[in-house]
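Asks: With the sequence up front, the predicted model follows.
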4 protein chains.
Amino acid sequence: MQPEPNMDVAHLGHVEVLTPKLEESVRFFVDLGGMTECGRKGDSVYLRCYDDYERCSLKLTASKLPGVGHVAYRTRSPQALERRIASLKGSGLEIGWNDGDLGHGPAYVCTDPDGHKIELYYETEWYQAPPELRPAIKNQAEKFPGRGMNLRRLDHWNALAADIKANREFYENYLGFRLTEQIVLDNGIEAGMWMTCTNKSYDLAYSRDNTGSHGRLHHVTFAANSREEVLLAADIALENGIRIETGPHKHAIQQTFFLYLFEPGGNRIEVASAVARLILAPDWKPIRWSEAERKKGQAWGLKTIESFHTYGTPPVEEVVSKG
Amino acid sequence: MQPEPNMDVAHLGHVEVLTPKLEESVRFFVDLGGMTECGRKGDSVYLRCYDDYERCSLKLTASKLPGVGHVAYRTRSPQALERRIASLKGSGLEIGWNDGDLGHGPAYVCTDPDGHKIELYYETEWYQAPPELRPAIKNQAEKFPGRGMNLRRLDHWNALAADIKANREFYENYLGFRLTEQIVLDNGIEAGMWMTCTNKSYDLAYSRDNTGSHGRLHHVTFAANSREEVLLAADIALENGIRIETGPHKHAIQQTFFLYLFEPGGNRIEVASAVARLILAPDWKPIRWSEAERKKGQAWGLKTIESFHTYGTPPVEEVVSKG
Amino acid sequence: MQPEPNMDVAHLGHVEVLTPKLEESVRFFVDLGGMTECGRKGDSVYLRCYDDYERCSLKLTASKLPGVGHVAYRTRSPQALERRIASLKGSGLEIGWNDGDLGHGPAYVCTDPDGHKIELYYETEWYQAPPELRPAIKNQAEKFPGRGMNLRRLDHWNALAADIKANREFYENYLGFRLTEQIVLDNGIEAGMWMTCTNKSYDLAYSRDNTGSHGRLHHVTFAANSREEVLLAADIALENGIRIETGPHKHAIQQTFFLYLFEPGGNRIEVASAVARLILAPDWKPIRWSEAERKKGQAWGLKTIESFHTYGTPPVEEVVSKG
Amino acid sequence: MQPEPNMDVAHLGHVEVLTPKLEESVRFFVDLGGMTECGRKGDSVYLRCYDDYERCSLKLTASKLPGVGHVAYRTRSPQALERRIASLKGSGLEIGWNDGDLGHGPAYVCTDPDGHKIELYYETEWYQAPPELRPAIKNQAEKFPGRGMNLRRLDHWNALAADIKANREFYENYLGFRLTEQIVLDNGIEAGMWMTCTNKSYDLAYSRDNTGSHGRLHHVTFAANSREEVLLAADIALENGIRIETGPHKHAIQQTFFLYLFEPGGNRIEVASAVARLILAPDWKPIRWSEAERKKGQAWGLKTIESFHTYGTPPVEEVVSKG
């Protein structure tokens, strides 16, 4: 009998995005994204989508360069958190406990093998809407915004990493994520991975960073309610001078209906719809994509745009010049 | 050979809606409807949808009671306007020229047989968006709002009238509208009519007023881009305390996907989508609905809500008490 | 510390629906629903949706009366199955192992407290599409049908039961489901429950059977990809003489966008979209609805249709007359 | 005063498409497009969409090479037809009357300056659905198919022509179409035009044929009910081996949401949605696009695919070799 899957991580909790234009980034997510500002502390502004049950799902932090500060996963229970910490012991990736942050309690910090800072936490603050943001239907955390893209919830993040295999094994062995799809080059090197800890077909993706850099961000993704609303998001971006990188179109991998934008700080943001697709199989067999298959482009034939393979945050030239 | 259809009226231009809560009505149409305020004069506030090519499509006028002030149709040409005026001569419905209004030139005023004030005009002011409202694509009058219901354009209005047949003949004989659908009771009395002067399947509807009142409004309709956006409009209404009368659902008559709301002044407003339906036949044969057919309810079986048959603006009790 | 949630049941696997009109029911699900027939055995026809990873998700069995034959849940692992069986020991609800069925291996059978037959299994047959049904994108089980309602996957089932609380405790204590929403009458009696074993907001619902009958079915639900496709499903039902009970509209409870139909055998079928709503919180606090709240009707104000509270399969009069 | 617009042409009636693979083309339009075969005569098969009021809107004719046989416009009245014929007298483009065809009465034939065969007719056959295709709602010509792309109606056609200006003047002077948008190169040469005879923003488009060929077809377009259904059409094409050229995406010109496919005979077919966009202004001022503006690509940034500028039917190499 196979060992049983580890279900200890419940979901992606929040992402800290670094931005050289803090207030412009806030305006993008609030005015155009339809998100709510739910706190400020130090150099950071905390935001949330109307259906995120926790107080915050996006932390924007002022920074010289764009990029990702840290990514936090909530565990299924306090016990699950303890088990994950125990498993990390001796991995060489541990950093240790912090005191928590606005919106959640103490978190255990480690890095993935590429150097992205990862937090695990259980204690959290459930969002309490102020009167003017109380929803009409009480199973929803906050009033539907009716503003801009009406982003529903934080969906996943996509890292850039030099060694995909090492990161896959990190998530499998220490955090219990399951691989659902991957890209494997003809020479056997893994070039991309999509992993889940829920019934969504992925809660994270890692793409190979061909520049030899570490710890970079490819994009952060928010879920829209429908493909029609992804199309509306494209119009809203167009009308407001937000650069669209590519889309809307449908990925062959994971079949996500996507739109890639650049928020004012320079980070790539995806607005996406998975329609009704879920991974319900507990023993899902990962889908492997070859180089030849990738060259076919996206689902309906759109060629993958070059910048999608090269641009991440912080941009490499800046990392280098900063170095 | 049949005489040729008269194409002199080009389209519904604007509607003047009376409201006892002017500023609340303005807030509804602007903040929730996504419309733009484009002028104020006297007791009136002028509004427009982002795809209305004329400066104004909705005039809100402060009034003790809700209702309709006047309805204006733009003619296809100055000559067409002259012909319509000539045809009205001796009808007993003429009122005469006015000096125009914010957004359009002189209008010729008459009434329909039920007493609703009707204006015909040709000279108009094309909307010129200020810099902050300039659209990204230059074939659109104004920037897509990305706000609330994102209402695209004024679509049609629905009058209440004591004698439908008389009003049908007025529109056929004097204004050149074509009847596309109608309700005829078992006793032969016409109880509802839908008429067009464009390729939309209707630009106006008249429903029988069973109260013996005159000049009342059933509703004014704005077009949304899709049925999905009508559903979003329902959520926005729900979240903002706007009373939904009925819908979203699909009418059997005209197949319109509808949502009926009450704006704060008490007037019924419809948010609608016709999907891709158009009447292209120049010799369309009117569809006649019987009492029995009407009793089946709406397209997917929803029973027509009672207030839909009884409520109009001004409400009858108020008309009476005012009388 | 709270005991940890039990994640042993992975998802709803399939439902056996009884029908007095087997071939007509098959034609409904295949021709109008867009499902695929994937086997026949004895008096049963096996069907599947194009995105169900297992071979079968719906078993239609010829029967004198409509209703539900059994409902099957797949466990997360063989070990999880063993644990669930062990927990059931002494519950008085055990029936024991069967030899499996077309599409899955041996199943352990029990009943819920209301008498519905429940199967638990782990061994399953992954669907292998024949050449003509192979999908263009290899992360999908079967070609998108492009036929009728294009139902994507089995979503949940809704039982009728005399004692909701007893059934809730059964699912909580023996199967590890989590309660997400419930109806509690003013007298404290539970009248409805929605429970999940996934990140969907519910995988089953139980409604109180006011007739004192046992083991009846309220409905089986299939997921469509979008609300627009639920609307298309309504048109397809309308055009093909399939009776629509109510909808499309949005439930307040769980916010599901719903359409209720009767398949030719008399069973209620729901076509539904949850848009992007998921329950990601591992410690979700159940939402409790009162009698007063229920009386408000559905989300946008639609009154709940009377038959929704009274009709189930088999119909009570027939159960009684059969008795 | 300006002379009045001529409203004599009511709408595009049907298009004859030539195909070297007649039966495969029929299968594409019927099985995947959701269209209905409504007659056969000689080497031709006649098809229609469920909302076309006339019997036929697409005539497929077996031919060695793909391309367009003729395009037919219905006039608003018999008188309007006479006027159009009179105006053509002496134009050098007249061919004369034919005896009509399956679905319509006698037609007057001419060519546009590029040599495409154009028919004008008034007498037509309204579609009478056989019992199995009768719609549930009687204002619709035929039952909603619930099959494949559910194409609603013939929308427009797009010609290739060597001299756009000459063709624009032909449509303006002889047929009364209004120019809504156009492309004008930096050297003043017109490179594309979109014209309407209805309230749709275009009923035809002509694109410059850079090969010096004449009488070629760029594409024929069918309207889907929504953008969501254009996305579904893309999936249906993908799943059935129908080559997608580009899209779905949104055109900057006319804002049409488009999907370009190649039907099995080699002709380009567009599935499109205009959402709620209409041209209601009787004095619409044509939008002029410059070379620089065109280089920006489509609305959301998609670069126009090269084949879109070069491929038409019949393909040039074949025309030459046939020569």
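Replies: Structure received.

Asks: Which residues of chain A lie near chain D?
Replies: For chain A, the residues in contact with chain D (Cβ under 8 Å from any Cβ of the partner chain) are A:226-228, A:231, A:234-235, A:237-238, A:244-250, A:257, A:259, A:299-302. Just so you know, the C-beta spots here come from the backbone N, C-alpha and C atoms, and that holds for glycine as well.

Asks: Quick check: which of these are also close to chain C?
Replies: With respect to chain C, and counting by Cβ under 8 Å from any Cβ, the subset of the residues of chain A next to chain D in contact is A:Ser226, A:Arg227, A:Glu228, A:Ala299.

Asks: In terms of pLDDT, where does the first one sit?
Replies: In this model, A:Ser226 is scored at 98, pLDDT.

Asks: need the contact list for it.
Replies: A:Ser273, A:Val275, B:Glu228, C:Ser226, C:Arg227, C:Glu228, C:Val275, C:Ala276, D:Glu228 (Cβ atoms under 8 Å, 6 or more residues apart in numbering or on different chains).

Asks: ditto for the last one
Replies: For A:Ala299, the contacting residues are A:His249, A:Lys250, A:His251, A:Ala252, A:Gln255, C:Ala136, C:Ile137, D:Ala234, D:Asp235, D:Leu238, by Cβ under 8 Å, 6+ apart.

Asks: Where does it sit: helix, strand or coil?
Replies: Here A:Ala299 is coil, with the state taken from DSSP: H, G, I helix; E, B strand; the rest coil.

Asks: Now do the phi/psi pair for A:Trp289.
Replies: Per-residue torsions, A:Trp289: phi -110, psi 130 (degrees, to the nearest 10).

Asks: Specify the beta-bridge partners of it.
Replies: Note on A:Trp289: beta-bridge partners A:Ile183, judged by DSSP bridges.

Asks: wait, it sits on A:Leu185?
Replies: No - assessed by Cβ atoms under 8 Å, A:Trp289 is found out of contact with A:Leu185, at 10.0 Å.

Asks: Neighbour count: these two, which is higher?
Replies: For the pair A:Trp289 and A:Leu185, the greater number of neighbours falls to A:Trp289 (20 against 15), based on other Cβ atoms under 10 Å in any protein chain shown.

Asks: Could you export the ones next to chain C among the residues of chain A next to chain D to JSON lines, including columns for secondary structure?
Replies: As requested, those are arranged in JSON lines below (three-state DSSP):
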{"residue": "A:Ser226", "secondary structure": "coil"}
{"residue": "A:Arg227", "secondary structure": "helix"}
{"residue": "A:Glu228", "secondary structure": "helix"}
{"residue": "A:Ala299", "secondary structure": "coil"}
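
Asks: Can you tell me which of the residues you listed comes closest to D:Glu169?
Replies: Of all these, the one sitting nearest D:Glu169 is A:Glu228; the distance, using Cβ to Cβ, is 40.0 Å.

Asks: how about low-confidence regions in chain A?
Replies: A:318-323 (pLDDT under 70).

Asks: And the helices in it, which stretches?
Replies: With DSSP state H as the criterion, chain A has helices at A:22-27, A:78-88, A:164-170, A:227-239, A:291-295, A:306-310, A:316-322.

Asks: Buried deepest among these, which one?
Replies: Per-stretch averages of neighbours, counted by mean count of other Cβ atoms under 10 Å in any protein chain shown, single out helix A:227-239 among the helices of chain A, with a mean of 25.

Asks: Any chance you could give me that helix in CSV, C-alpha atoms only?
Replies: Provided in CSV are the C-alpha atoms of helix A:227-239 (Å, rounded to 0.1, in the frame of the first residue of the first chain):
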residue,chain,number,x,y,z
ARG,A,227,-14.6,34.0,-18.2
GLU,A,228,-16.9,36.9,-19.1
GLU,A,229,-15.5,38.8,-16.1
VAL,A,230,-12.0,38.1,-17.3
LEU,A,231,-13.0,39.8,-20.6
LEU,A,232,-14.4,42.7,-18.7
ALA,A,233,-11.1,42.9,-16.7
ALA,A,234,-9.3,43.2,-20.0
ASP,A,235,-11.4,46.2,-21.0
ILE,A,236,-10.9,47.8,-17.6
ALA,A,237,-7.1,47.3,-18.0
LEU,A,238,-7.2,48.8,-21.5
GLU,A,239,-9.3,51.8,-20.5
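
Asks: correct me, but A:Ile164 touches A:Met195?
Replies: No - between A:Ile164 and A:Met195 no contact is recorded; they are 10.7 Å apart, counting by Cβ under 8 Å.

Asks: Okay, A:Val17 and C:Ile244: tell me how far apart.
Replies: Using Cβ to Cβ, to the nearest Å, one gets 46 Å for the distance from A:Val17 to C:Ile244.

Asks: Repeat that for A:Asp203.
Replies: 37 Å.

Asks: again, but for A:Val68
Replies: 49 Å.

Asks: Those two: which is more packed in?
Replies: Neighbours per residue (other Cβ under 10 Å) separate A:Val68 from C:Ile244, with A:Val68 holding more: 26 against 18.

Asks: And the more buried one, how close does it get to chain C?
Replies: Remark: distance between A:Val68 and chain C (Cβ to the nearest Cβ, to the nearest Å) = 20 Å.

Asks: doesn't A:His219 make contact with that residue?
Replies: No - because the distance of 9.8 Å does not satisfy Cβ under 8 Å, A:Val68 is recorded as not touching A:His219.

Asks: what do these two both touch?
Replies: Here A:Val68 and A:His219 share the contacting residues A:Trp157, scored by Cβ under 8 Å, 6+ apart.

Asks: so who does A:Ala252 touch?
Replies: Per Cβ under 8 Å, 6+ apart, neighbours of A:Ala252: A:Trp289, A:Glu293, A:Lys296, A:Gly297, A:Gln298, A:Ala299, C:Ile137.

Asks: list residues touching both of A:Trp289 and A:Leu185?
Replies: None of the residues lies in contact with both A:Trp289 and A:Leu185 under the rule Cβ under 8 Å, 6+ apart.

Asks: How are the strands of the stretch 51-200 of chain A distributed by residue range?
Replies: For the stretch 51-200 of chain A, the strands defined by DSSP state E, counting those that start in this stretch cover A:58-62, A:67-75, A:94-97, A:107-111, A:117-121, A:153-161, A:178-184, A:190-196.

Asks: Partner strands of the longest strand seen in chain A and their direction?
Replies: Once chain A is assigned using DSSP state E, the strand that runs over the most residues is strand A:9-19. Strand A:9-19 has the following strand partners under DSSP bridges: strand A:58-62 (parallel), strand A:67-75 (antiparallel).
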